[in-house]
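K.L.:
Compute the structure for the input listed below.
(one chain, ligands or ions: 1)
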Amino acid sequence: MPSAAAIPVAPTVLVTGFEPFDQDLVNPSWEVARALEGASIAGATVRAVQLPCVFGLGAERLLEALHTLRPQLVVGLGLAGGRSDWQPERVAINCNDARILDNAGQQPIDTAVVPGGPAAYFSSLPIKAIVQALRAAGLPAAVSNSAGTFVCNHVFYALMHALATQPGVRGGFVHVPCLPEQAARSPGMPSMALATQVQALRVLLHTALTTPVDIAMGDGREH
Ligand code: PCA
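P.N.:
Numbers count the residues shown, from 1 in each chain. Okay, the predicted model is just below:
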């Protein structure tokens, strides 16, 4: 019988999404993540984990998943209401500054995600290649230079802080638009159908898994 070490194990991709927050009944980030639970993409197996929209606890759950699943690639997803396209985030900052209460009633103002940690971390996803691949598939996409200062940035920073000591594991964060049923309650709110967003996640993961070095493509903007 072969030893356990001889049995090839498919690499794991961890995709996280958030529970609903701010009076919403659904969060597209989790609906999209869970749609690909167990899927095989470019030889890797997708594992989806839901995170609470809570400062502290959201990051703890992510770090637990990193520990138990030992992924090679980590992609955090979060909703950014008002944005109309899929937006890989360039940078996570060491700052919590909540404009609304989180799901535990907390509202930190100007506190550090990791006291004494670096001011910021860059995503280690190939964000330009991802934007290019999404656009080539007919899916609206753009690099974002701010993940905000709410729970998404908090979890993104905690992820990159953990990965800073795990060479070879890449990760980052992507903000996604509302679903049509959410937008229907807010006139003028842009949205993207769930099936389209699931397709975007497939393209994104395939690109991240097959692009070791990002491309240089101009996509600079003021925010
Ligand atoms: N979006 C929020 C937190 C959870 C989510 O899906 C944010 O952008 O911080």
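K.L.:
Could you point out the helix or strand that follows the strand or helix carrying Ala59?
P.N.:
Using DSSP states H and E, the element containing Ala59 is helix 57-69. The element immediately downstream of helix 57-69 (helix or strand, assigned by DSSP H and E) is strand 73-79.
K.L.:
tell me the angle that next one makes with helix 57-69.
P.N.:
Orientation of strand 73-79 against helix 57-69 (axes from the mean of the first three to the mean of the last three C-alpha atoms, to 10 degrees) gives an angle of 150 degrees.
K.L.:
from the middle of its chain, how far away would strand 73-79 be?
P.N.:
On the basis of C-alpha atoms, centre = their mean, to the nearest Å, strand 73-79 is displaced by 2 Å from the centre of the chain it belongs to.
K.L.:
By mean pLDDT, point me to the weakest helix or strand of the chain.
P.N.:
In the chain, the helix or strand scored least confidently by mean pLDDT, DSSP states H and E is helix 180-183, which has a mean of 94.
K.L.:
Give me the contacts around the helix holding Ala59.
P.N.:
For helix 57-69, the surrounding residues in contact (C-beta atoms under 8 Å, 6 or more residues apart in numbering) are 12, 14, 16, 18, 47, 49, 51-52, 74, 76, 104, 113, 151, 154-155, 158-159, 162, 166. C-beta: built from backbone N, CA, C; applies to glycine.
K.L.:
of the residues you listed, list those near the ligand.
P.N.:
Among the contacts of helix 57-69, the ones lying close to the ligand by the criterion of C-beta under 6 Å from any ligand atom are Phe18, Val151.
K.L.:
Among the contacts of helix 57-69, which ones are in helices?
P.N.:
Mapping those onto helices (DSSP state H) picks out Val151, His154, Val155, Ala158, Leu159, Ala162.
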